[in-house]
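1. Here is my input; please provide its structure:
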Amino acid sequence: MKIALGSVQCESNTFNPIKTRESDFDRAFGNEMLSKIHVADMLIERNADIAPTLYAHALPGGPLVRDDFLSLAGRMVDMIPATGLDGVWLYLHGSMFVDEIGSGEAYILRGIREKIGFDIPISICMDFHANNCDEIFNLANVICGFRTAPHVDRIETERKGMRLLLRCIDKHILPRPQFCRAPVMIPGDAVLTAEEPLKGIMARADEMEKMPGMLCAQVFNGQPWVDVPYVGPNMVVTHEVDQQLAKSCAEELASRFYDARHQFRFLIDAFEPDEAIQAAHDASEHQVFISDSGDNTTAGAAGDNAFMLNRLIKSGHDRILVAGIADKKAVDACYEAKLGDMLSLSVGGSLDCKSEMAFVKGRLVRRGDILGYAGDNAGPSATIDTGNIMLIITRNRTAITSMEMFDSIGVDISGFKIVVVKLGYLFPGLASVAPKSILAFTPGGSAERLQDIGLRNITRPVFPLDDDFIK
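-> So this is what the prediction gives:
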């Protein structure tokens, strides 16, 4: 048995003007990629021949530059054996948008099929926020994805995709995934799998997976900040042979999602920015996290907007940590200075022309490389103390999602009343330590109110832009 492995992942945000380049990806080729994924042991146990190709992972960001994407996709396809294969396992995101191409996942699958034909099963693992275009369902045999948001089942999903691929090979079957879309767009921060109404929908999907011959019943919420016709929730069900049953199950899940559209809500307090700051200051809890949700780097926004920083400065409150703002020029200035120096800096507005800039004066107290949210090195950072506000500035776009990232730059958050992060919902590593969290409706490429972001290419009608159009 011979299995090819490959992975290219980047969650795109078409409202971020900063293009994603090949250099933004953490890359590993051939056998080096095996340490980045979690399925090699399953193949070793089966005495299978492993044909590793490429692992490439990038922080969510703007659309991929066409030529850079073609370089990555081309290397992956080139490394897949043309003959002798029994199956292909892929770990893709599902919402990768490429300039002049569209769906990066569909392009990769087309290239693989042109090389190996349609008689070899392909199994894909995807993010819960996958926007799957229609073509994908004709190119893959198994499509599964994360069942948790926030995501805590990445490894389990990788292994599930491999188990299902091996099942297809052992049974000599080539399943055809069936899908149905729910005409709904809900920001990911209001769609949490452990809470209703999605909890019940996911439970029904779990029940479906126990049906005889069923391989996978998957609920994808989609990534709403991609302005394409196929954006939004898509239900994908795969049965070994019964396509009619799979189709009816996908339709049922989509119907449940649509019927529950008014029940999706933010599970934490959500306010306008100035109200969020005041609520955090007045809270009885000793510490409050505020999510600068419109500039959420984990949703692909630029991460350079000083909108919240300007309002925090104006508020006059103290014991505030802003973590952080991307600004290469400001970080470079900090590295040219000495620790302890007083600096006057302009911060923000360096990437997205719609982002605000702030002027700060403070003491340079720390600098050094910051840990990336995927465990990599996210590059240089600097920390400025203005007296009432501590500000973390990063040279690169960075999502601060865990306590380990604060620890990596020597920042102790315990003394701050307010901690501002460029996220939507808090990742588990922060949610577990946050006494209280608030979501601020800030502007930016990942604005929570979808009516405000200028969607023009999506399929209409769709909730919440339209309502009550299905009787």
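
2. Quick check, residue 65 in contact with residue 20.
-> Yes. Residue 65 lies in contact with residue 20 (C-beta atoms under 8 Å); the separation is 6.9 Å. Where you see a C-beta, it was placed from the backbone N, CA and C, and this is true even at glycine.

3. Of these two, which one has the most company?
-> residue 20 (28 against 17; other C-beta atoms under 10 Å).

4. Was I right to think the more buried one contacts residue 12?
-> Yes. Taking contacts as C-beta under 8 Å, residue 20 lies within contact range of residue 12: 7.2 Å.

5. Spell out which residues are contacts of both of the two.
-> Contact criterion C-beta atoms under 8 Å, 6 or more residues apart in numbering; residues shared by residue 20 and residue 12: 61, 62, 63, 64.

6. The helix or strand encompassing residue 279: how far from the chain's middle?
-> Following DSSP states H and E, one finds residue 279 within helix 273-282. Mean C-alpha position of helix 273-282 versus that of the full chain (C-alpha atoms, centre = their mean, to the nearest Å) differs by 27 Å.

7. Show me what it is packed up against.
-> If contacts are counted by 3 or more C-beta pairs under 8 Å, 6 or more residues apart in numbering; DSSP states H and E, helix 273-282 sits against strand 269-271, strand 288-292, helix 307-315, strand 418-421, strand 437-440.

8. could I get the ones you listed as JSON lines with mean neighbour count?
-> Below are these laid out as JSON lines (neighbours: other C-beta atoms under 10 Å):
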{"stretch": "strand 269-271", "mean neighbour count": "17"}
{"stretch": "strand 288-292", "mean neighbour count": "27"}
{"stretch": "helix 307-315", "mean neighbour count": "20"}
{"stretch": "strand 418-421", "mean neighbour count": "26"}
{"stretch": "strand 437-440", "mean neighbour count": "24"}
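
9. Tabulate the ones you listed (a markdown table), appending mean pLDDT and distance to residue 149.
-> Formatted as a markdown table, the helices and strands packed on helix 273-282 follow (pLDDT from 0 to 100; distance: least, C-beta to C-beta, whole Å):
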| stretch | mean pLDDT | distance to residue 149 |
| --- | --- | --- |
| strand 269-271 | 95 | 17 |
| strand 288-292 | 98 | 15 |
| helix 307-315 | 98 | 24 |
| strand 418-421 | 98 | 17 |
| strand 437-440 | 97 | 15 |
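
10. Quick one: the ones you listed as a markdown table, columns for distance to residue 117 too.
-> Output for the helices and strands packed on helix 273-282, formatted as a markdown table (distance: least, C-beta to C-beta, whole Å):
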| stretch | distance to residue 117 |
| --- | --- |
| strand 269-271 | 50 |
| strand 288-292 | 47 |
| helix 307-315 | 52 |
| strand 418-421 | 47 |
| strand 437-440 | 48 |
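
11. hang on, the earlier thing: ok, and for the helix holding residue 279, which residues are buried?
-> The neighbour-count check on helix 273-282 (16 or more other C-beta atoms under 10 Å) flags 273, 276, 277, 279, 280, 281 as buried.

12. Name the surrounding residues that touch it.
-> For helix 273-282, the external contacting residues (C-beta under 8 Å, 6+ apart) are 269-271, 288, 290, 307-308, 311-312, 315, 317, 417-418, 436, 438-442.

13. Just want the angle from that helix to helix 307-315.
-> When axes from the mean of the first three to the mean of the last three C-alpha atoms, to 10 degrees is applied, the directions of helix 273-282 and helix 307-315 differ by 60 degrees.

14. Just the CA trace of helix 273-282, in CSV.
-> Provided in CSV are the C-alpha atoms of helix 273-282 (Å, rounded to 0.1, in the frame of the first residue of the first chain):
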residue,chain,number,x,y,z
PRO,A,273,-15.7,50.1,21.5
ASP,A,274,-16.0,52.9,24.0
GLU,A,275,-18.7,51.0,25.9
ALA,A,276,-16.4,47.9,26.0
ILE,A,277,-13.6,49.9,27.5
GLN,A,278,-15.8,51.5,30.2
ALA,A,279,-17.4,48.1,31.0
ALA,A,280,-14.1,46.5,31.4
HIS,A,281,-12.8,49.3,33.6
ASP,A,282,-16.0,49.1,35.8
